[in-house]
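*Asks:* Structure, please.
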Amino acid sequence: ITENTSYGVYSRYLKNITISGGEISNNNYGIVTSNSGYISMLKISGTAKINENYYGISHQYADSLIIEGGQINNNTNHAVAIGNCRSFLMTGGEIKNNGSYGISASTGVGAGLANSSFSMTNGEISGNKSYAINASYFNDFSITGGLLSNNTSYGISTTAPSAANTNLSISGVTISGNNSFGLNIVTYTNISIENVDINNNNGYGIQISGNTITNQGTFTMASGIIDNNRGYGISLNNNYLTYDISGNVQVTNNKNSGIYTNSLLPSSISGNVLIKGNKATYGGGLYVNSGTVNISDNVMFEADTCTTSGGAIYVAAIGNAIISGNVSIKDCRSTSASTSVAYGGSAICALGRLSMTGGRISGCEGTVVRGTVYVSGTSSNVILNNVKISDNTARYGGAVYVHTGGRITLDSDTISDNITTYESYTSPV
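*Replies:* I've put the predicted structure just below:
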């Protein structure tokens, strides 16, 4: 079905349409379906090709769209546009090199449709000139496999409906090389991420935002790799979610803080989480902007870098970090060339509250800045208990530097073999 000036396929009243072979190409619209009774199903499978149309598929006011195979490639505008549709399922096939969205899907506006779902278990969405997936107002959003790569905007951007219980789970998917955030999630109340590979995106790896005091929820991440994204590895910028990052999570080589937290509810980083090789202005490994973050077990900060303060961890004035267990901070850096008293902490910069019980800080270096652990301001209150601080280097205060207003308590710590590069200096601790 080719070279029609309007539709390749148009249906308004059929209940079910299946296309499992053949080619629909070089039309204005490849396929258009619309049924205000929400009863029609469109299925694309097998070797079907919907290529080189102006629009690939427009599926409106219908019950479901299922993609099990085939190709939806090289269309000038959207590959797949879904509006007021109750469910979307993709188990295979490819959506590649289209001129706008790979998939643009919505169940309506605001509350959307009750019991609506978006599910992807396999397939490839790559090389499109906008988002790979832009999905709005689905009660349940699930991706358990597939590849989303080299799209011009987000890998996935999704907004939950205003309903109280909305669920999002993402696992087994690779999100790579997209020209904005890898994953952007807004207002879902139950978020679960595991076994993902989110890398080389030209923005944050993961951004979570948008909940309110009446729409609180949880974010859990149990495994996965967040690597080499050009922004925060993980940005938890939502005041009313409880965050839990645990297990075998690696947050590495991102071009801003590995993890950024901004929540009024308690959060935790635990298990064998590795935060390594990230680089930011403040807080190369972790930036605690507000709220309390508990860091425990075998969490490791390694070779994280800041260009001003807090190579591994930066705690803002209204932030609180509680560190316990076998947490290690090693080989972190501040590369600042400024000798200003306002900059410090090749490992930790605390303007707010921080306690560390056990663990080790070693091999960190800030040859120009002040202190491996830097404490400043009247909001600060730092307690180091049974911490080993060794083999670090700073301009002043090889282990600890306390600036005006800063408060620190040292209890049963082992402090040895730290070096000051300017002169012998004793901090007012």
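*Asks:* can we go C-alpha only for contacts and neighbour counts from here?
*Replies:* Will do.
*Asks:* State the three-state secondary structure for Gln46.
*Replies:* You called it Gln, but residue 46 is Gly. coil (DSSP: H, G, I helix; E, B strand; the rest coil).
*Asks:* what separates it from Ile24, distance-wise?
*Replies:* 14 Å (C-alpha to C-alpha, to the nearest Å).
*Asks:* more neighbours, those two?
*Replies:* Ile24 (25 against 16; other C-alpha atoms under 10 Å).
*Asks:* My guess is that one contacts Gly30. True?
*Replies:* Yes: applying C-alpha atoms under 8 Å as the test, Ile24 and Gly30 come out as touching, 6.0 Å apart.
*Asks:* Need the residues touching each of the two.
*Replies:* Gly8, Ile50, Asn51, Asn53 (C-alpha atoms under 8 Å, 6 or more residues apart in numbering).
*Asks:* so what's the second one up against?
*Replies:* Spelled out, it's Ile50. Taking C-alpha under 8 Å, 6+ apart, one finds Glu23, Ile24, Ser25, Gly30, Gly56, Gln71, Ile72, Asn73 in contact with Ile50.
*Asks:* Over to the last one?
*Replies:* Listed by C-alpha under 8 Å, 6+ apart, the contact partners of Asn53 are Ile24, Ser25, Asn26, Asn27, Asn28, Tyr29, Gly30, Asn74, Asn75, Thr76.
*Asks:* For these, pick the one with the most neighbours.
*Replies:* Most neighbours among the contacts of Asn53, by other C-alpha under 10 Å: Gly30, with 32 neighbours.
*Asks:* What separation do you get for it and Arg12?
*Replies:* Distance check for Gly30 against Arg12: by C-alpha to C-alpha, it reads 15 Å.
*Asks:* Asn75 too?
*Replies:* Separation of Asn75 from Arg12 (C-alpha to C-alpha): 22 Å.
*Asks:* same deal with Ile185?
*Replies:* 33 Å.
*Asks:* Between the two, point out the one with more neighbours.
*Replies:* Using other C-alpha under 10 Å, the more surrounded residue of Ile185 and Arg12 is Ile185, with 18 against 14.
*Asks:* Can you give me the neighbour number for Thr372?
*Replies:* 39.
*Asks:* can you check Ser412 too?
*Replies:* Around Ser412 there are 12 other residues, counting by other C-alpha under 10 Å.
*Asks:* In terms of pLDDT, where does it sit?
*Replies:* On the pLDDT scale, Ser412 is placed at 95.
*Asks:* so who does it touch?
*Replies:* Asn385, Asn386, Val387.
*Asks:* let's see 7 Å
*Replies:* For Ser412, the contacting residues are Asn385, Asn386, by C-alpha atoms under 7 Å, 6 or more residues apart in numbering.
*Asks:* State the distance from it to Ile383.
*Replies:* Distance, Ser412 to Ile383, using C-alpha to C-alpha: 11 Å.
*Asks:* Please apply the same query to Leu264.
*Replies:* Distance from Leu264 to Ile383, by C-alpha to C-alpha: 22 Å.
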